[in-house]
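> sequence and predicted structure, then a few things I'm wondering about:
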Amino acid sequence: MKDREWGAIMTSRRFLLIVIVSIILVTGCSSAPQTGQPGGPAPVVVDVWHSLQGAEAEALKGQVQAVEQTNPEVIVKLNYVSAANFAAFSYQAEAGGEGPEIFIASREIIHELYSKGALATVAHTDSEAYPATLAAFRFGGVEYALPWLTDIPLLYFRTDLTEAPAALTDIFAAKGVSMVSPDTATLAVWWNGQGGRLLNSENISLNDPNNLLFIQQLLAWKNAKLLRIDPTAPAAFANGQTPYLIAGASLAKYFTQLNVPWGSIPLSDLTGGQGQGLIGATLGIANSAIKSTPAMIPAIQTVEKALLTPEAEEAMLNAVSLLPANMSFYGRPEAQKGVFPQASKALAKAWSLEGNSQEWKLIPLQNEAWNNVLTGNITPEDALNIAQEQAGKVLSVKEQP
């Protein structure tokens, strides 16, 4: 009897030991459930407010889906906000403790968000940005947004009508050049390459003698019908009505789709390498001032880093009328042809203006002066003197440093 009891006890102990060992083995051979997997912690939700529409919004949606597939620990929630109301709506949301973690918007909107105190310093560091594109989102030496997509003016020429010009004289000795608007963004290389400037040792210099000489030259070209200002200039170039065109590098895709025989060169190639271009329309990625908390920073960095990859920028390139703003894209094999080498060269030499540089406020005044002169409303001297007077009032308005 005792032997049977003892045997039963030993059998029970052996069974219990087997169960314990099995549990230990199973526990030791498996890892804890990860974020985004069944049984693991819930994914972190990153809200992104953007101003993109149509095909651009769909392309962004596709990139967000790719981010989520690669990083299951993050869920990205997209919300569209109209460009017209973006800054005001975002500021009001943050004032109530709401809003997104990330903003994707134009340079102008991001500048306005900064002025309202709605931005935090960037969560992700982008070492591949061109100096000029990165500077546009730097305030007081601190980066508040990351450049994503941008544009830069180039000189286009019809390869069936002419050859690449070697100097400015080649253009104006032939049939002249067309452009949509004779503004600083379009003509910065020629203007500052010939000594034009807005500030002289921090003093306003809109009526600088070199500025006067430049606008007088523009007026002479226009009167000689060698400088054509036409809102439909890209279409005229595509139709072969003008051999030369100054326009953004992003237009190359449009010309290629129409089978236009075109070539392009940086504008500084016509000035012996002198002068710096001004970046055009630019999209940036910024962080919210109230939602960029220590707990959220890793997820924000994950999203921003993924969107700034060459692969993501290339995908956006097919939908957006802008070019990648980061050097890593231009090192790819597919970027060694077409407009990309010329755009990269122009971007590398572009004018680096910080977000709170006074020049951003003075450029619209110079543009207005040039427009008034070229439309015959005023003399060059009077236009620049008026701009000089207005500039003093504009710069006297205090903003966030």
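Cool, got the structure. Residues are numbered from 1 along each chain as shown.
> what is the burial count for Glu101?
By the criterion of other C-beta atoms under 10 Å, Glu101 has 26 neighbours. Placement of C-beta: from N, CA and C, glycine included.
> where's it relative to Ala120, distance?
Distance of Glu101 to Ala120, given as C-beta to C-beta, to the nearest Å: 10 Å.
> which neighbours do the two share?
Here Glu101 and Ala120 have Asn287, Ser288, Ser292 as joint contacts, going by C-beta atoms under 8 Å, 6 or more residues apart in numbering.
> which of those residues tops the neighbour count?
When neighbours are taken as other C-beta under 10 Å, the top entry among the shared contacts of Glu101 and Ala120 is Asn287 (26 neighbours).
> that's a strand at that one, yeah?
Yes: according to DSSP: H, G, I helix; E, B strand; the rest coil, Asn287 belongs to a strand.
> any chance of the shared contacts of Glu101 and Ala120 in TSV, with pLDDT and distance to Asn192 too?
Listed next are the shared contacts of Glu101 and Ala120 as TSV, based on pLDDT from 0 to 100; distance: C-beta to C-beta, whole Å:
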residue	pLDDT	distance to Asn192
Asn287	94	33
Ser288	95	36
Ser292	93	36
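> so which of these is the closest to Leu308?
Closest to Leu308 out of the shared contacts of Glu101 and Ala120 is Asn287 (13.5 Å), distances taken as C-beta to C-beta.
> hey, what's the closest one bridged with?
As for beta bridges, Asn287 partners with Ile102, Ala120 under DSSP bridges.
> burial of Val45, as a residue count?
Look at Val45: counted by other C-beta under 10 Å, it has 12 neighbours.
> hang on, isn't it packed against Glu73?
No: the pair Val45 / Glu73 is not scored as a contact, 10.8 Å apart, by C-beta atoms under 8 Å.
> state the helix or strand in which Asp47 lies.
Assigned by DSSP states H and E, Asp47 belongs to strand 44-50.
> name the next helix or strand downstream of that strand, please.
helix 54-70.
> convert that following helix to PDB, retaining C-alpha atoms only.
Extracted C-alpha coordinates of helix 54-70, given in PDB (Å, rounded to 0.1, in the frame of the first residue of the first chain):
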ATOM      1  CA  GLY A  54      -5.400  65.800 -55.200                       C
ATOM      2  CA  ALA A  55      -2.500  63.700 -56.600                       C
ATOM      3  CA  GLU A  56      -0.100  65.200 -54.100                       C
ATOM      4  CA  ALA A  57      -2.300  64.200 -51.200                       C
ATOM      5  CA  GLU A  58      -2.600  60.700 -52.600                       C
ATOM      6  CA  ALA A  59       1.200  60.400 -53.000                       C
ATOM      7  CA  LEU A  60       1.600  61.500 -49.400                       C
ATOM      8  CA  LYS A  61      -0.900  58.900 -48.300                       C
ATOM      9  CA  GLY A  62       1.100  56.200 -50.100                       C
ATOM     10  CA  GLN A  63       4.300  57.200 -48.400                       C
ATOM     11  CA  VAL A  64       2.500  57.200 -45.000                       C
ATOM     12  CA  GLN A  65       1.300  53.700 -45.700                       C
ATOM     13  CA  ALA A  66       4.900  52.700 -46.500                       C
ATOM     14  CA  VAL A  67       6.100  54.200 -43.200                       C
ATOM     15  CA  GLU A  68       3.500  52.200 -41.300                       C
ATOM     16  CA  GLN A  69       4.400  49.000 -43.000                       C
ATOM     17  CA  THR A  70       8.100  49.400 -42.200                       C
END
